[in-house]
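J.: compute the structure for the input listed below.
(2 chains)
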Amino acid sequence: MKNRNFRRDSSGQVIVITALLVAMVLLSTAIYVIETEKDVPTVGAGTNNVFLSYQQAARSTLISALANITNGGNPDVLTVDLNKLESAVISQSYQSILQMVFTPLNQGLYQNGVWVSTGINGEGTSSAIVTLSINSTGASSTSSLECTLNVTSQVNLSGSSIQVNGTSNQVNLRVEVFNEGKPALAQGFKFYYKDAVSGGNWTQATSPSITDYGDGTYAVTFNAQTLQPGDPLVASMHCLDQRGILICANVTCTNV
Amino acid sequence: MRLMKDKKGVVRVIEAFLASLLLLSCLAMIPAQPNLNDSTGTLAATVQNVLLSLDSNGHLAAMVDSRDWVGLQASVASALPLTDWFNLTVYDQNMNVLNKGFPISSGGEVSDKIVSLDYVCASQSSTFAVYILQLQLSQVGST
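T.: Next up, the predicted model:
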């Protein structure tokens, strides 16, 4: 009987064991890769994006209402418009139960979320502030958002007048327009003036010369008459920002 | 003797075959990779982002205010890849179609898989209006 050589006979088992080890390494690598990829965030149409669209719609509503109010509309239009938006959004929310609450600011100078001021010191403000709360309850998750929406158009008006001849004066004004504190462009400028001493009615300036510096700053020059030579002048400015919100400001021009 | 040697060779071949079978069966046991690039979610996110970016300065509602369907079609088309297909329908708050007779789309569908998303947008003009935009989108190769 031939002697058995263990090394030679066990070579087959070694191949099988090696194959098994390689298979285990392959399996563990695959499982590791799968588990790691589970943690990678993926792009999806999550609630955040939807909430962003609601925020944008609410902001647009504020702009629309403020444009309406500053151009002579009823201050209640803000609440009415927000209610319209709320019903439209809720009726389109099929995947979750949505609660949307708008709380207009009633604090300080704001009434029902709106503050419109024609400052006599050259500062004019048209502003609307509302707190928006959204609560979304879906089949698998609940999410909520609370944020303050602020739409504010401001103008800073400063100027001086130079006596040209008798009661005739040249008024030089500097206008700075801001949207939410950032420089913004404006249009539809109208300028008025009146004698600060005798008062009287506002007179619209004819053919004012307006220089647009492109950064929300405007230099304006126009001629104005006072009742008495040397009387100070009060200038008034009305303009629309690019969102259609009317901003007004008055300033007493310094004589130079 | 020779037959014995030949048999040993056959056994080796059988062992190698078994080993490769073992490897293959292990590979087959690896679970199929789930499609993490959920194409529906990605498409929906694309739709949402396109409308959100167009609405960021109120341009979307302004175009609807002025019934500028050609401008709206051009804006949506420029915000999407050329290979994507879209169809946009604009409704008012009472779900009446505003672009009746003016289809805002980019031709024929490129895939059976279409994602549809409703987007509520509000007008910034002093005459307030709420619009509901329904954008359908499909991408080439999405199944």
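
J.: my guess is residue A:78 meets residue A:106, correct?
T.: No: shown here, residue A:78 and residue A:106 do not form a contact pair, counting by Cβ atoms under 8 Å, at 12.0 Å. The way it works is simple: take the backbone N, C-alpha and C, and place the C-beta from them, glycine included.

J.: who's more crowded, those two?
T.: Counted by other Cβ atoms under 10 Å in any protein chain shown, residue A:78 and residue A:106 do not tie: residue A:78 has more neighbours, with 25 against 10.

J.: for the lowest-mean-pLDDT helix or strand in chain B, name the packing helices and strands.
T.: None of the helices or strands of chain B scores lower by mean pLDDT, DSSP states H and E than helix B:2-29, at a mean of 74. Applying 3 or more Cβ pairs under 8 Å, 6 or more residues apart in numbering or on different chains; DSSP states H and E, one finds that helix B:2-29 makes contact with helix A:11-38.

J.: what's near enough to touch the most centrally placed residue in chain B?
T.: The C-alpha lying nearest the average C-alpha coordinate of chain B belongs to residue B:43 (Cα atoms, centre = their mean; 3.2 Å). Taking Cβ atoms under 8 Å, 6 or more residues apart in numbering or on different chains, we find residue B:43 in contact with B:113, B:115, B:137-139, B:142.

J.: TSV for these, including neighbour count and pLDDT?
T.: Shown next, in TSV, are those (neighbours: other Cβ atoms under 10 Å in any protein chain shown; pLDDT from 0 to 100):
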residue	neighbour count	pLDDT
B:113	15	81
B:115	21	85
B:137	24	88
B:138	21	86
B:139	19	80
B:142	17	58
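
J.: what ranges do the strands span in chain B?
T.: Secondary structure of chain B (DSSP state E): strands located at B:85-92, B:104-105, B:115-122, B:130-138.

J.: mean confidence (pLDDT) on the shortest one, please.
T.: Taken as a whole, strand B:104-105 has a mean pLDDT of 90.

J.: sheet partners, orientation included, of the helix or strand hosting residue A:102?
T.: Per DSSP states H and E: residue A:102 is located in strand A:96-104. Applying DSSP bridges to the sheet, strand A:96-104 is found paired with strand A:123-138 (antiparallel).

J.: so which bits of the stretch 51-200 of chain A are right by chain B?
T.: Counting by Cβ under 8 Å from any Cβ of the partner chain, the stretch 51-200 of chain A comes close to chain B at A:52-54, A:56-58, A:60-61, A:63-65, A:67-68, A:71, A:73, A:77, A:81, A:84-85, A:87-89, A:92.

J.: of these, buried ones?
T.: Neighbour counting with 16 or more other Cβ atoms under 10 Å in any protein chain shown marks A:52-54, A:56-58, A:60-61, A:63-65, A:67-68, A:73, A:77, A:81, A:84-85, A:88-89, A:92 as buried within those.

J.: select from those residues every entry located in helices.
T.: A:52-54, A:56-58, A:60-61, A:63-65, A:67-68, A:77, A:81, A:84-85, A:88-89 (DSSP state H).

J.: that older thread, could the strands of chain B go into a markdown table alongside distance to residue A:234?
T.: Below are these laid out as a markdown table (distance: least, Cβ to Cβ, whole Å):
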| stretch | distance to residue A:234 |
| --- | --- |
| strand B:85-92 | 46 |
| strand B:104-105 | 52 |
| strand B:115-122 | 38 |
| strand B:130-138 | 42 |
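
J.: can I get those strands in JSON lines including distance to chain A?
T.: Formatted as JSON lines, the strands of chain B follow (distance: least, Cβ to the nearest Cβ, whole Å):
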{"stretch": "strand B:85-92", "distance to chain A": "10"}
{"stretch": "strand B:104-105", "distance to chain A": "19"}
{"stretch": "strand B:115-122", "distance to chain A": "4"}
{"stretch": "strand B:130-138", "distance to chain A": "4"}
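
J.: which strand residues bridge residue B:133?
T.: On the basis of DSSP bridges, residue B:133 is bridged to residue B:90, residue B:119.

J.: also the one 5 residues further on?
T.: Beta bridges link residue B:138 to residue B:85, judged by DSSP bridges.

J.: how near is it to residue A:106?
T.: 48 Å (Cβ to Cβ, to the nearest Å).

J.: what of residue A:31?
T.: Distance from residue A:31 to residue A:106, by Cβ to Cβ: 59 Å.

J.: kindly report the same for residue A:174.
T.: 34 Å.

J.: do the same with residue B:99
T.: 40 Å.

J.: mind pulling up the pLDDT for residue 80?
T.: By default, I'm working from chain A. Residue-level pLDDT assigned to residue A:80 equals 94.

J.: wait, chain B was what I had in mind.
T.: 87.

J.: show me the contacts for it.
T.: Residue B:80 neighbours (Cβ under 8 Å, 6+ apart): B:46, B:50, B:86, B:106, B:137.

J.: swap the cut-off to 10 Å and go again
T.: Residue B:80 sits next to B:46-47, B:50, B:86, B:106, B:135, B:137, B:139 when contact means Cβ atoms under 10 Å, 6 or more residues apart in numbering or on different chains.
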